[in-house]
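Q: build me a structure from this.
(2 chains)
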Amino acid sequence: MSSDTLTAGHPEGQRLDKRRFEWGSSVFLLPAGILIAGVFVYAVIYSFYIGLTNLSLLGPTAVAYNFTGTANLKRLVNDPFFLHSLWITFIFVFGSGVVGATVIGLALAVLMQKALAPIRLITGAVAMIAFMLPPVTIAIVWYAASVPGGTFARIFGNPHSDPLFSAPLFFVSAANTWSLAGLAMLMFVAALRNIPRDITEAATIERAGAVRRFFTITLPLLKPTIVTSALLMTLLSLGNFTIVWLMTGGGPGTATTILPVYSYQQGFQFNHLGYGALLGNVMLIITAIFGVAYVIMARGPRRQKGKPA
Amino acid sequence: MTTAAQAAPAAADFQGLTRVAVRRVTAPAVLGNLILAGIAVLFALPLLWLVLASVDKHASGAIAIPHFTLSNFSSSLSAGRGTSLLISLELALIATTVATVTGTLAAYAFSRRHIPWKGGLLLFVLFLSGVPISVIIIPMYQIFSQAGWLSVVPTAIFIGITGLPFEIWMIKNFIDAVPTELEEAARVENVSTMTILRRVVVPLAAPGIGAAAIYGFVNAWGAFLIPLVLISNSAQQPGAVTVYSFISSTGVNYGEIAAFSILYSLPVVALYLAMGRWFRGGFVLGGALK
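A: I've put the predicted structure just below:
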């Protein structure tokens, strides 16, 4: 009824009870919109096209390349290195991101609650510096630590052993975990602060021990944060080209060729830009699945208030 | 020193009470502290190496007591490597400016205006902030090489765009927190929207915009794959790629590489610390990410 009177009162008959899109807003949105559309939307569509061509970095097909239909796809499903790379990527992402960084971040946050002040402050600072350092520096320090004569070779007893050569996937994963644990720790410290103290106090009065309190109260309440952290770490680890490329270059052999490395090698070392782009598209699809899950989780608490505006 | 001296007798006075009043020493507490200290030591080892090796005349990959020298720092900047840090700065400044200016405009519209499918668009923007660069590096190389853009400035703009989605998301959250009353008052006085944005919204949301700019700067400063692929002239590569040339060369000089890594990392750590002070703790990252 009220909307009728409003409509009647307005000469142009616009509804005033609903906000309308002001064309002036496009002035604000267009610059960022064009940049994002140009890079992300256009590049992704273009990538799906290139992935189905014989485009190469050098030679005649660098310019006069053709649409080759499903040739690259057939190559993909018959490529043993691709399947191997997929498996390596899974171990790397799951081991260092989902399990490694999340578990260590959670452990740090929980232990820091009750720790002595100096230990707490030093641990927090060290984990945060590890998180802040640029990826290249992270690769350098871990590379130096795991070459023959490096810190780990000495710790394991034989300075002439080559830890990075004998366990390459472990050390690139450790470097990744090292760099991400601080971020996970931040997320868990914030989440732990939101756990109401009266619940834990009530459990303490009922004589539940620290371990029992952790498993029956803290852990269930942290479940959403654990899922969010695991998804975020998955996304951050999936695209981690820099650390692996600098530490091992994908080797020795193909021991650490995670998908970003394999895509780079195919494109820029073996000159198969088309096939490299297709590998990128596979990565994009995997990322999209985890990314959508992350976005849904990240907006979870807000959804209860109703649909986002 | 004085406070410690004063505190000591006070603690002695209450010695009889400590067992009850102060936290008791229990087995789980000791174990927890030990585990935490153990993790801290493991985490600190690579950092300790970085610092010690940078001032060691005969540095190796292992942690050792250094034969003190500062020459690593000066020699690490020779052979055009000092220039590469300046190129890093150029890349980061251009990238930060592009992303922060366009990001602030978009964030303002997202925060204040009615936009169709706003919720969906914002979630899409959040999603884009998680897309790894390695996914689109090959099409971007093809686009750049066809357009003849394989140089510093276009690369810098592209790096800026890779940080743009997260900057929009961060700045929007901060503008949301700025009360609208001031803007409405300005509007009543017939002030144009651009002026309102410049004179009212930006100053009030400055800490958030600053934090987003720091994120953009750090993101650009650390970029490795993008300049490696998109800058064709090897003399114009930024610091991140220069570090790579230390490893790939034969006979790694660990002292120089550590010194250069420290010089290269310092701006990033300093900016993060500045941001942390600004907000008393890591709430920016914690809050923006969740």
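Q: who's in contact with residue A:180?
A: Going by Cβ atoms under 8 Å, 6 or more residues apart in numbering or on different chains, residue A:180 touches A:96, A:97, A:100, A:101, A:105, A:131, A:233, A:236, A:237. Just so you know, the C-beta spots here come from the backbone N, C-alpha and C atoms, and that holds for glycine as well.
Q: ok but residue A:157 is inside a strand, no?
A: No: looking at residue A:157 with DSSP: H, G, I helix; E, B strand; the rest coil, it is coil, so not inside a strand.
Q: separation between it and chain B?
A: The gap separating residue A:157 from chain B is 13 Å, by Cβ to the nearest Cβ, to the nearest Å.
Q: show me where pLDDT drops low in the stretch 101-250 of chain A?
A: Within the stretch 101-250 of chain A, no stretch has pLDDT under 70.
Q: pick out the residue of it closest to chain B.
A: Residue of the stretch 101-250 of chain A nearest chain B, by Cβ to the nearest Cβ: residue A:239 (2.0 Å).
Q: and the residue lying closest to that residue once chain neighbours are set aside, its phi and psi?
A: What sits nearest to residue A:239 in space, not counting adjacent residues and going by Cβ to Cβ, 6 or more residues apart in numbering or on different chains, is residue B:132, at 2.0 Å. With angles defined as degrees, to the nearest 10, residue B:132 sits at phi -70, psi 150.
Q: pLDDT on stretch B:271-290, on average?
A: Stretch B:271-290 carries an average pLDDT of 56.
Q: do stretch B:108-126 as well
A: The pLDDT scores in stretch B:108-126 average 90.
Q: hey, C-alpha coordinates of it in CSV?
A: Extracted in CSV, the C-alpha atoms of stretch B:108-126 (Å, rounded to 0.1, in the frame of the first residue of the first chain):
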residue,chain,number,x,y,z
TYR,B,108,33.6,2.5,-2.1
ALA,B,109,30.9,1.6,-4.6
PHE,B,110,30.6,-1.9,-3.1
SER,B,111,30.2,-0.4,0.3
ARG,B,112,27.8,2.4,-0.3
ARG,B,113,26.0,2.0,-3.6
HIS,B,114,23.3,-0.4,-4.7
ILE,B,115,24.8,-2.8,-7.2
PRO,B,116,22.9,-5.7,-8.7
TRP,B,117,24.2,-9.1,-7.6
LYS,B,118,26.5,-7.3,-5.2
GLY,B,119,26.8,-10.4,-2.9
GLY,B,120,27.7,-12.7,-5.8
LEU,B,121,30.2,-10.2,-7.2
LEU,B,122,31.9,-9.8,-3.9
LEU,B,123,32.2,-13.5,-3.4
PHE,B,124,33.7,-13.8,-6.9
VAL,B,125,36.2,-11.1,-6.0
LEU,B,126,37.1,-13.1,-2.8
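Q: buried residues in it, which are they?
A: B:108-113, B:115, B:118, B:121-123, B:125-126 (16 or more other Cβ atoms under 10 Å in any protein chain shown).
Q: got a list of what the closest residue to residue B:239 other than its chain neighbours touches?
A: Excluding the flanking residues, the one nearest residue B:239 by Cβ to Cβ, 6+ apart is residue B:88, at 4.2 Å. Neighbouring residues of residue B:88 by Cβ under 8 Å, 6+ apart: B:221, B:238, B:239, B:240, B:264.
Q: tell me the helices and strands packed up against the host helix or strand of the last one.
A: With elements taken from DSSP states H and E, the one containing residue B:264 is helix B:254-279. Judged by 3 or more Cβ pairs under 8 Å, 6 or more residues apart in numbering or on different chains; DSSP states H and E, the packing partners of helix B:254-279 are helix A:117-132, helix A:135-146, helix B:27-54, helix B:71-76, helix B:81-112, helix B:206-222, helix B:239-248.
Q: can you do 6 Å?
A: The elements that helix B:254-279 packs onto, with contact taken as 3 or more Cβ pairs under 6 Å, 6 or more residues apart in numbering or on different chains; DSSP states H and E, are helix A:135-146, helix B:27-54, helix B:71-76, helix B:206-222.
Q: sweet, I'm off.
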